[in-house]
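S.K.: compute the structure for the input listed below.
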Amino acid sequence: MTASKISITLYAYELAWRQKWSCEVDKAKAGLLATLLVTNPTPEDSKKSLYVNFDADILTLIREAKCLSRLGADIPNQAKIVLL
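M.R.: Residues are numbered from 1 along each chain as shown. Prediction:
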(Lines give C-alpha, C1' and ligand atoms only; values in the text may rest on other atoms or scores of the structure.)
Protein backbone atom coordinates (compact mmCIF):
# COMPACT_ATOMS: atom_id res chain seq x y z
CA MET A 1 0.00 0.00 0.00
CA THR A 2 1.46 3.34 -1.00
CA ALA A 3 1.66 6.37 1.22
CA SER A 4 -1.08 8.17 -0.71
CA LYS A 5 -3.50 5.25 -0.27
CA ILE A 6 -2.76 5.16 3.45
CA SER A 7 -3.33 8.89 3.81
CA ILE A 8 -6.61 8.69 1.86
CA THR A 9 -7.78 5.79 4.02
CA LEU A 10 -6.85 7.62 7.23
CA TYR A 11 -8.60 10.78 6.07
CA ALA A 12 -11.76 8.82 5.19
CA TYR A 13 -11.66 7.14 8.60
CA GLU A 14 -11.29 10.48 10.35
CA LEU A 15 -14.27 11.93 8.46
CA ALA A 16 -16.43 8.91 9.30
CA TRP A 17 -15.38 9.02 12.96
CA ARG A 18 -16.11 12.76 13.27
CA GLN A 19 -19.53 12.36 11.66
CA LYS A 20 -20.46 9.57 14.08
CA TRP A 21 -19.10 11.59 17.00
CA SER A 22 -21.22 14.60 15.95
CA CYS A 23 -24.32 12.38 16.05
CA GLU A 24 -23.39 11.27 19.57
CA VAL A 25 -23.04 14.91 20.61
CA ASP A 26 -26.57 15.59 19.33
CA LYS A 27 -27.88 12.67 21.41
CA ALA A 28 -26.04 13.92 24.49
CA LYS A 29 -27.40 17.43 24.02
CA ALA A 30 -30.92 16.00 23.90
CA GLY A 31 -30.15 14.14 27.14
CA LEU A 32 -29.23 17.41 28.80
CA LEU A 33 -32.80 18.60 28.29
CA ALA A 34 -34.19 15.69 30.32
CA THR A 35 -35.36 16.12 33.90
CA LEU A 36 -32.42 15.74 36.27
CA LEU A 37 -34.32 14.36 39.27
CA VAL A 38 -36.97 11.68 38.82
CA THR A 39 -39.07 9.63 41.22
CA ASN A 40 -39.05 5.85 41.41
CA PRO A 41 -41.20 4.62 38.50
CA THR A 42 -42.19 1.28 40.09
CA PRO A 43 -45.66 1.32 41.68
CA GLU A 44 -44.78 -1.49 44.13
CA ASP A 45 -42.81 0.83 46.39
CA SER A 46 -45.00 2.80 48.73
CA LYS A 47 -42.36 5.40 49.54
CA LYS A 48 -41.11 7.67 46.82
CA SER A 49 -37.41 8.00 46.16
CA LEU A 50 -35.58 10.52 44.03
CA TYR A 51 -33.00 9.38 41.51
CA VAL A 52 -30.53 11.33 39.43
CA ASN A 53 -31.32 10.99 35.72
CA PHE A 54 -27.86 11.63 34.24
CA ASP A 55 -26.18 9.87 31.33
CA ALA A 56 -22.50 9.14 32.01
CA ASP A 57 -21.78 9.35 28.28
CA ILE A 58 -22.18 13.11 28.53
CA LEU A 59 -19.02 13.31 30.63
CA THR A 60 -17.15 11.25 28.04
CA LEU A 61 -18.29 13.53 25.23
CA ILE A 62 -17.27 16.61 27.22
CA ARG A 63 -13.81 15.12 27.79
CA GLU A 64 -13.47 14.24 24.08
CA ALA A 65 -14.56 17.75 23.05
CA LYS A 66 -11.99 19.29 25.40
CA CYS A 67 -9.23 17.10 23.97
CA LEU A 68 -10.19 17.88 20.37
CA SER A 69 -10.38 21.57 21.20
CA ARG A 70 -6.88 21.49 22.73
CA LEU A 71 -5.58 19.80 19.58
CA GLY A 72 -7.00 22.66 17.54
CA ALA A 73 -9.57 20.49 15.80
CA ASP A 74 -12.78 22.08 14.64
CA ILE A 75 -15.58 20.83 16.85
CA PRO A 76 -19.30 21.18 16.02
CA ASN A 77 -21.34 23.96 17.59
CA GLN A 78 -23.39 21.38 19.53
CA ALA A 79 -20.20 20.18 21.21
CA LYS A 80 -19.24 23.76 22.07
CA ILE A 81 -22.64 24.25 23.70
CA VAL A 82 -22.26 21.04 25.72
CA LEU A 83 -18.77 22.16 26.75
CA LEU A 84 -20.10 25.44 28.08
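S.K.: contacts and neighbour counts: CA atoms only from here.
M.R.: Noted.
S.K.: for stretch 63-82, measure first residue to last.
M.R.: 11 Å (CA to CA, to the nearest Å).
S.K.: hmm, I was thinking of stretch 51-62
M.R.: End to end - CA to CA - stretch 51-62 spans 22 Å.
S.K.: quick one, longest helix in the protein?
M.R.: Counting by DSSP state H, the longest helix found in the chain is helix 3-32.
S.K.: for Arg18, see how far away Thr9 is.
M.R.: 14 Å.
S.K.: more neighbours: which of those two?
M.R.: Arg18 (15 against 12; other CA atoms under 10 Å).
S.K.: out of everything not next to it in sequence, what's closest to Glu24?
M.R.: The shortest distance from Glu24 to any non-neighbouring residue, by CA to CA, 6 or more residues apart in numbering, is to Leu61 (7.9 Å).
S.K.: let me fix that, I meant to ask about Ile62.
M.R.: Leu83 (5.8 Å).
S.K.: what does Leu37 give?
M.R.: Distance criterion CA to CA, 6+ apart; nearest residue to Leu37, sequence neighbours excluded, is Val52 at 4.9 Å.
S.K.: now Ser22
M.R.: Nearest residue to Ser22, sequence neighbours excluded (CA to CA, 6+ apart): Pro76, at 6.9 Å.
S.K.: burial of the one you found, as a residue count?
M.R.: There are 15 residues near Pro76, going by other CA under 10 Å.
S.K.: what does Ala28 give?
M.R.: Ala28: 22 surrounding residues under other CA under 10 Å.
S.K.: so where's the chain uncertain?
M.R.: Along the chain, segments meeting pLDDT under 70 span 1, 41-46.
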